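K.L.:
predicted model and sequence follow; I will ask about them next.
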Amino acid sequence: MAVNAIIRFGPEQRLTGVLTGAPAEGPILLLPSAGLQPRAGPFRLHAELGERLRARGIRSFRYDVPGVGETPRLNGCDAQQATLAAIEHLEATQGCRSFAVGGICSAADTGWDVANLDARVTAVLLLDGLCYTGPWYHYARMLDRLRRLPRHWQRMLRSARRRMRGTGGSLDADAFRTWPSHAKARSQFAQLVQRDVRLLCIFSGGYAERFMHPRQFTWSFGPPARDPRVTMHFWPDCDHTYFGRAHRERLMTTVEDWMVGLAAGARS
Amino acid sequence: MNAIVAGSRGIAASPAGRTMGIDACEPFWLDAESRCLYAALHRPATADGSLGVVFVPPLLHEQPRSRRFMTEVASRLAALGLPCLRFDFFGTGDSSGTGAQLDFASMRSDLDLAVAALREQTGVERVVLLVWRGAALAMGGWLAEGRRVETMVLWEPITDGSAWLLELERADASERAERPGYRPGVPSTIDPADGQLMGFPVSQRLRLDLAQARLSGDTLRGVAVWAIVRPDGPHLPRGITRMLPLPQGAPSFDGGAAMDTTFFLTPPVRHLVDELGQALREPPWR
């Protein structure tokens, strides 16, 4: 098979994705489109990550979820259904047995949802994914406000006014997110860890409306968050879509190393 | 100069009138063994086989944010009987390569592959190029190499590469300053000299190509050129034989590189695309 293959799957074969890499041990990384960005990923993150993983002998599959990029809206098929369809198809036609799923923002949510539905998902990539505000978040937020100079308060005020007028132009996280209740998420997290699912969770500085302090993670998910199967990074210097080249490199290296570790675990 | 005003001619009875979404397309690789360019062919249910359209995508951040829009336009034109081929330049979208490998020379080679593939896969005799934004700046060189198509339709073309480059550099600096935004105690680690523009790697060669490019009547000689522009858009070079004004409120390419700045085919623009499709099918074109 060629290095890159176009795969059509799902209802009436209306979903399309790009499979990169040759058959190998370990999970394949599924990268559903994130937000409204096409499957190549924000600033081609998915395409470049796919190439790096291919060079390490790991397969990846990126695809547009219904309503995004080239894919039409499909009755009864949302991002979750599309991902389950991708898993079915890749298992049936490519011999894939285990899957890592996730990505940025809504793609992280899709990874979470599918991992909770399908035991073939053995790893989840959560980039600015599920998390809950709480005492550590509010502590960090208050500290942040107090440490700002008056000129930044004015800027924050202007920014808040723009948001209220709806002209801020920034990402509204709620537009793409569907999260379970905190209690349910805690329970799901514990079940995933118990099921031996590996989690890589990275929070960026562009996610300040949801995540501002690393201890917020343990507060959100409890003791399982400290399990060795869970890796968490807080990168406040990076933005939500990794605009900077060095930031994107850091992210790709981290995901690549994680996937290589998963493949090594599968071989041993 | 002829002006086609959206809404001036109805085509309610056309097949496109029943197709409100995206019809199926055939994705494939152009030059799968070497350049591995992603392409998708929108084949009409019925076609007279004489005319097809190659979509020449915009550059940098404008490419991903307009991907759905271009897919919808292609689907619409295909419903009007025009086979359409979309593709990603080498180093962009789903194609192989990195952004740093993109320049006007590589774009010209990729366009050759796309035009040849449309002719080969559909048997069309005449090819129209639908060229978006900054890609228009590379078209002069392509024509100068002796390539010919029947008509080139420029969609909101960039006419002055040097001015556009400055505009991009200003927008890029603004994006860098805002990402992720100031936070006390968190030093900025974004490198202003990382070789990117609007989040995408850009080679010195491409910067030079852009800086030196200017759309003029001379560079577009030998081909019928139409333009789809805003009424208050930039001054266009002489030689444009047909103008199609974008309706008020048409989605704008301005808007930075944010994740939520994708745009869609709105009903007024859909009507304009229908007008374009009809006009392309009506000889004479010049």
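P.N.:
Received, thanks. Numbering: from 1, shown residues only, chains lettered A, B, ... in the order given.

K.L.:
all strands of the chain, in order?
P.N.:
In the absence of a named chain, chain A is used. Assigned by DSSP state E, the strands in chain A fall at A:4-9, A:15-20, A:28-32, A:60-63, A:99-104, A:121-127, A:198-204, A:230-235.

K.L.:
my question was about chain B, not that one.
P.N.:
B:2-3, B:26-30, B:37-42, B:51-56, B:84-87, B:126-132, B:151-155, B:196-197, B:200-201, B:224-229, B:240-245.

K.L.:
distance between stretch B:179-196 and the chain's centre?
P.N.:
31 Å (Cα atoms, centre = their mean, to the nearest Å).

K.L.:
can you report how many residues neighbour residue B:241?
P.N.:
14 (other Cβ atoms under 10 Å in any protein chain shown). (Each C-beta comes from the backbone N, C-alpha and C, glycine too.)

K.L.:
surely it and residue B:225 touch.
P.N.:
Yes. With contact defined as Cβ atoms under 8 Å, residue B:241 counts as touching residue B:225 (6.2 Å).

K.L.:
can you tell me the closest non-neighbouring residue to residue B:132?
P.N.:
Excluding the flanking residues, the one nearest residue B:132 by Cβ to Cβ, 6 or more residues apart in numbering or on different chains is residue B:58, at 4.0 Å.

K.L.:
enumerate every residue touching the one you found.
P.N.:
Counting by Cβ atoms under 8 Å, 6 or more residues apart in numbering or on different chains, residue B:58 touches B:66, B:132, B:133, B:134, B:135, B:253.

K.L.:
now do 6 Å
P.N.:
Contacts for residue B:58 (Cβ atoms under 6 Å, 6 or more residues apart in numbering or on different chains) come out as B:66, B:132, B:133, B:134, B:135.

K.L.:
surely the last one and residue B:54 touch.
P.N.:
No. Using Cβ atoms under 6 Å as the test, residue B:135 is too far from residue B:54 to be in contact (11.1 Å).

K.L.:
residue B:86 contacts residue B:41, doesn't it?
P.N.:
No. The criterion here is Cβ under 6 Å, and residue B:86 misses it with residue B:41 at 8.1 Å.

K.L.:
who has more neighbours out of these two?
P.N.:
Remark: of residue B:86 and residue B:41, residue B:86 carries more neighbours, 25 against 20, as counted by other Cβ under 10 Å.

K.L.:
which residues does the more buried one contact?
P.N.:
Counted by Cβ under 6 Å, 6+ apart, residue B:86 has contacts B:40, B:55, B:70, B:74.

K.L.:
for chain A, which helix or strand comes out least confident on mean pLDDT?
P.N.:
helix A:150-165 (a mean of 74; mean pLDDT, DSSP states H and E).

K.L.:
now it: how far from the chain's centre is it?
P.N.:
Taking Cα atoms, centre = their mean, one finds helix A:150-165 lying 29 Å from the centre of the chain it belongs to.

K.L.:
ok, residue A:192 - contacts?
P.N.:
With contacts defined as Cβ under 6 Å, 6+ apart, the neighbours of residue A:192 are residue A:115.

K.L.:
quick check: it vs residue A:110, distance?
P.N.:
To residue A:110, residue A:192 is 15 Å away according to Cβ to Cβ, to the nearest Å.

K.L.:
what do you get for residue A:92?
P.N.:
According to Cβ to Cβ, residue A:92 stands 21 Å off from residue A:110.

K.L.:
between those two, point out the one with more neighbours.
P.N.:
Neighbour comparison, residue A:92 and residue A:110: the larger count goes to residue A:110, with 30 against 10 (by other Cβ under 10 Å).

K.L.:
which residues in the stretch 51-200 of chain B form helices?
P.N.:
Remark: helices assigned in the stretch 51-200 of chain B by DSSP state H, counting those that start in this stretch are B:62-65, B:67-79, B:104-122, B:139-144, B:161-178.

K.L.:
format these as a markdown table; extra columns: mean neighbour count and mean pLDDT.
P.N.:
Output for the helices of the stretch 51-200 of chain B, formatted as a markdown table (neighbours: other Cβ atoms under 10 Å in any protein chain shown; pLDDT from 0 to 100):
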| stretch | mean neighbour count | mean pLDDT |
| --- | --- | --- |
| helix B:62-65 | 25 | 95 |
| helix B:67-79 | 24 | 96 |
| helix B:104-122 | 19 | 97 |
| helix B:139-144 | 19 | 94 |
| helix B:161-178 | 16 | 95 |
